[in-house]
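Novice: Build me a structure from this.
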Amino acid sequence: MASKTLPVIGIIGGTGKEGKGLAYRWAKFGYPVLIGSRLQEKADAAAEEVNWMLGAAGGVKSGLNVDVAVNARVVVLTVPFAAHVDMCTLIKPLVQGKIVIDVTVPIVPPKVSTVQMPPEGSATQQAQLIFGENVQVVAAFQNISYEHLMGDEDVECDVLVCGGSKEAREEVIGMVQAAGLIGWNAGPVENAVVVEGLTSVLIGLNKRYGVNSSGIRITGIAR
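Specialist: Numbers count the residues shown, from 1 in each chain. Next up, the predicted model:
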């Protein structure tokens, strides 16, 4: 599929492992990808690393978070929860009319394996309240370990997609598939509390059983 037929994806706070992993998989599929950061040099370094992984297929670009938000049609939030409100407030006027995929999980150290939701109900609902009704905020990728994303192996974990309109969820499910994963329509934004909360459960399982990439898989539905 030619990249010109695909929307530009901008990953806000994309210099972490989750952001770089998603950038790698989407760029490999053919999406135009922008990696954003508060610091241009950090964004440049992250894009350079992903392009090195892609080899000749490289083409990931970098920029400041605000510029990435302006130039992308689909914006992906991969910021720590502590920065979530401030980042949403900063880019609010820049994402109107767009899809925002919120990967944020309300992890609050030191009790990272305990589910801790904000007063709004979830990080996704928090983002939706800040952005307003003209933005389709969709939760996805909360339960996928970055170790899976930074390679080419088949991933046994599934991705629950909730929030936004049905059409927005279907577009995001297509992006999940482009990243080499299986996505499921998990319903309205209110269900994000379950999706985000599962991350703390998975962190606890990782610690308890000495692994680093436990995940979830939906059964009983034809794949």
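
Novice: Helices along the chain, start to end?
Specialist: 17-29, 40-54, 65-71, 84-91, 123-131, 146-149, 166-178, 192-209 (DSSP state H).

Novice: Kindly give the local confidence score, pLDDT, for the nearest residue to Gly10 once chain neighbours are set aside.
Specialist: Distances taken as CB to CB, 6 or more residues apart in numbering place Ala72 nearest to Gly10, at 2.7 Å, with adjacent residues excluded. Every C-beta, even on glycine, is put in place using the N, C-alpha and C of the backbone. We have a pLDDT of 98 for Ala72.

Novice: and Ala72, what does it touch?
Specialist: Taking CB atoms under 8 Å, 6 or more residues apart in numbering, we find Ala72 in contact with Pro7, Val8, Ile9, Gly10, Leu34, Lys98.

Novice: before we move on, what about Ala127?
Specialist: Leu77, His84, Cys88, Val100, Asp102, Thr104, Val137.

Novice: rewinding a little: looking at the contacts of Ala72, which has the most residues close by?
Specialist: Gly10 (30 neighbours; other CB atoms under 10 Å).

Novice: That one pairs with what?
Specialist: Gly10 forms beta bridges with Leu34, Val75, as assigned by DSSP bridges.

Novice: Thought Gly36 was touching it, still the case?
Specialist: Yes - the pair Gly10 / Gly36 is scored as a contact, 6.1 Å apart, by CB atoms under 8 Å.

Novice: Overlap of the contact sets of the two?
Specialist: With CB under 8 Å, 6+ apart, Gly10 and Gly36 have common neighbours Val68, Ala69.
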